[in-house]
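> I would like the atomic coordinates for the input below:
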Amino acid sequence: MDPVSALKQIALFLERSGAPTQKVRAFRRAAQVIADLPRGDVEKRAAAGTLTALPGIGNSTAKAIKEAVAGGEPEYLTDLLASASGPVQGGEELRAALKGDCHTHSDWSDGGSPVREMAEAAIKLGHEWMALTDHSPRLRVAHGLSADRLRRQLDLVAELNAELAPFRILTGIEVDILDDGALDQEPELLAELDVVVASVHSKLRMPRREMTRRMVAAVSNPLVDILGHCTGRLVTGKGRPESEFDAEEVFGACAEHGVAVEINSRPERLDPPRRLLALAVARGCDFAIDSDAHAPGQLHWLPNGCARAQECGVTADRVVNTRTADTLLAGFRS
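Residues are numbered from 1 along each chain as shown. Predicted coordinates for the structure are as follows:
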């Protein structure tokens, strides 16, 4: 088995399982190190036991490389494949209809991979476009983008779009909804972006009435296109309860102002819960089925959202990322 391919597959399956970014990076870094070696050098080092002398190669990655060079599947990869869950049942038609993903992150904020790697992974999935939505500056723990850094990212996106065409990276942001419903970035800069996902990341236990006013103010802002993971809940590990707000009022405002409700596909979020998703359907909302991917392998999480959408009666015509990039942006701008 090709050792570079083996290491990349391990990284991919680690990402799909939600493994820590540091562990994923170790395998990706190792893959790059041995890919840059002269022809035949990796085999010589594997035989001599000197792989760990290379920078970025530790015991686990060296063992996987040695097993791949010997012609077998690395034990690490075998174990990952054995523990991987099977494909999500349901939502297959919706998944096939998706042309892009409205919520992705890169290493410009708290993602684990460069923008190019995220885009190339989206291309392999058959997507036509991907919205790059790194965090806004208030979320310091996620290395949110200042206005200056976001402008530099826009220059990078323009360069990549010239190289990757006809695939298209849409400029965007996941902007924090501040306590009063204002948005955590310069309005003039937000107006330049293709996609603005607005999410609550702080004071998630705010009283119901105040949280409702906060969210309604945000989705009433003409710069907002998508309301991200609306309850803020976490359903794995120690978990986190849902934020409390008047869902009728918030979803009504989304429908009135043409803001799509996100169906977040991250396994630890699966937000909104089914009862609220059904309510948003009844209120006439549009939806964005998003991966909220922070690594290339996490782009594969979209079936989670598609299955839940189908269960709750969401049809493809109400999912904004079933549209071409031009149609999507025309709808947002109107």
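> Count the residues that sit near Ala47.
Using other CB atoms under 10 Å, Ala47 has 12 neighbouring residues. Glycine gets a C-beta too; all of them are placed from N, C-alpha and C.
> what separates the helix or strand harbouring it from the chain centre, distance-wise?
Assessed by DSSP states H and E, Ala47 sits inside helix 41-48. Relative to its parent chain, helix 41-48 has a centroid offset of 37 Å by CA atoms, centre = their mean, to the nearest Å.
> Which other helices and strands does the next helix or strand along the chain from that helix contact?
Reading on from helix 41-48 to the C-terminus, the next helix or strand found by DSSP H and E is helix 59-69. When contacts are defined as 3 or more CB pairs under 8 Å, 6 or more residues apart in numbering; DSSP states H and E, helix 59-69 sits against helix 3-16, helix 21-35, helix 41-48, helix 75-83.
> who does the shortest one touch, helix- and strand-wise?
Identification of packing neighbours for helix 41-48 by 3+ CB pairs under 8 Å, 6+ apart yields helix 59-69.
> Render the CA-only coordinates of the helix it packs on in CSV, please.
The C-alpha trace of helix 59-69 is given here as CSV (Å, rounded to 0.1, in the frame of the first residue of the first chain):
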residue,chain,number,x,y,z
ASN,A,59,6.3,6.1,16.5
SER,A,60,2.7,5.8,15.3
THR,A,61,3.3,7.3,11.9
ALA,A,62,6.5,5.4,11.4
LYS,A,63,4.7,2.1,12.2
ALA,A,64,2.0,2.9,9.7
ILE,A,65,4.6,3.8,7.0
LYS,A,66,6.5,0.6,7.6
GLU,A,67,3.4,-1.6,7.4
ALA,A,68,2.3,0.1,4.2
VAL,A,69,5.8,-0.3,2.6
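> any idea of the mean pLDDT in it?
For helix 59-69, mean pLDDT rounds to 95.
> Pull out the buried residues from it.
Within helix 59-69, the residues scored as buried using 16 or more other CB atoms under 10 Å are Thr61, Ala62, Ala64, Ile65, Lys66, Glu67, Ala68, Val69.
> Thank you, goodbye.
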